[in-house]
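Engineer: quick check, what structure comes out for this input:
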Amino acid sequence: QPAAKPERLATGMPSCEIVDRVEELARYEHEWDQLAVASGQPSCRPAWLRCWWNARCARADRPARALRVAVVTDAGRLLAILPMFLVDRTALLPDMRMLGEGQFWNGGPLLSPQAPPDVLGLLARTLTESRPRPARLIFAHVPREAPWPQELARPWRGRVWLRPGGYDEALVIAGAPSYA
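Structural biologist: Next comes the predicted model:
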């Protein structure tokens, strides 16, 4: 007999927002930490990523870099989080990357078992609407069998590039965002 799906606890429509200030993330930290641990991605824990952001994005870099954490909530509960940043917000075609890149074994989106099936699409659409709009989403060390890259790429009229191997050195979602 198949395992029962987790019951949706939410009462309304999920909403997604981009958080661009570290201090605004504090309200999500407890649930975020639980999601990272439950999903086996300890390097995506908020304390680690906050330290990385503060150390890696030194004062000289801050005018160019921009925090972009996509957060999905429903009735005040955290359903999904995708911790990203813009490498150079002044670039004509800015790249968006995972927080912690190059220092931690990067993961991907953190999803609650109560998240709706279309949560990745909601995350991606919100990223495409952020300003400045990223030209590419770049992830490092993505497991080849990970199901989320194709779903995250749907709102982008572009391509997903994967390097061969058990873990890809890079995963790139590129192209013009679709608004349909």
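Engineer: where does pLDDT dip in this structure?
Structural biologist: Scanning the chain with the threshold set as pLDDT under 70 gives 1-11, 58-62, 104-106, 144, 156-172, 174-180.
Engineer: all strands for it, in order.
Structural biologist: 15-19, 66-74, 77-86, 95-98, 110-111, 136-139, 142-143, 156-162, 167-168, 171-177 (DSSP state E).
Engineer: let me know which of those is tucked in deepest.
Structural biologist: Mean neighbour count (mean count of other Cβ atoms under 10 Å) peaks for strand 77-86 among these, with a mean of 24. Every residue, glycine included, has its C-beta placed from N, CA and C.
Engineer: elements contacting that strand?
Structural biologist: In terms of contacts (3 or more Cβ pairs under 8 Å, 6 or more residues apart in numbering; DSSP states H and E), strand 77-86 is packed against helix 29-38, strand 66-74, strand 95-98, strand 110-111, helix 119-129.
Engineer: repeat that with 10 Å
Structural biologist: strand 15-19, helix 29-38, helix 46-56, strand 66-74, strand 95-98, strand 110-111, helix 119-129, strand 136-139 (3 or more Cβ pairs under 10 Å, 6 or more residues apart in numbering; DSSP states H and E).
Engineer: name the residue closest to the centre of this protein, please.
Structural biologist: residue 82 (2.1 Å; Cα atoms, centre = their mean).
Engineer: for it, which residues make a bridge with it?
Structural biologist: Beta-bridge pairing for residue 82 (DSSP bridges): residue 70.
Engineer: who's in contact with it?
Structural biologist: 16, 18, 44, 68-72, 96, 98-99, 107-111, 119-120, 123-124, 126-127, 137, 139, 148, 152 (Cβ atoms under 10 Å, 6 or more residues apart in numbering).
Engineer: one more time with 8 Å, if that's ok
Structural biologist: Contact analysis of residue 82 by Cβ atoms under 8 Å, 6 or more residues apart in numbering lists 69, 70, 108, 109, 110, 123, 127.
Engineer: widest-spaced pair of those residues?
Structural biologist: Greatest spatial distance among these (Cβ to Cβ): 110 and 127, at 14.9 Å.
Engineer: find the nearest non-adjacent residue to residue 17, please.
Structural biologist: residue 71 (5.6 Å; Cβ to Cβ, 6 or more residues apart in numbering).
Engineer: surely that neighbour touches residue 84?
Structural biologist: No: using Cβ atoms under 8 Å, residue 71 is not in contact with residue 84, being 11.0 Å away.
Engineer: my guess is residue 103 contacts residue 56. True?
Structural biologist: Yes: at 7.2 Å, residue 103 counts as touching residue 56 under the criterion of Cβ under 8 Å.
Engineer: that older thread, quick one: which of the helices and strands packed on strand 77-86 is nearest residue 88?
Structural biologist: strand 95-98 (7.5 Å).
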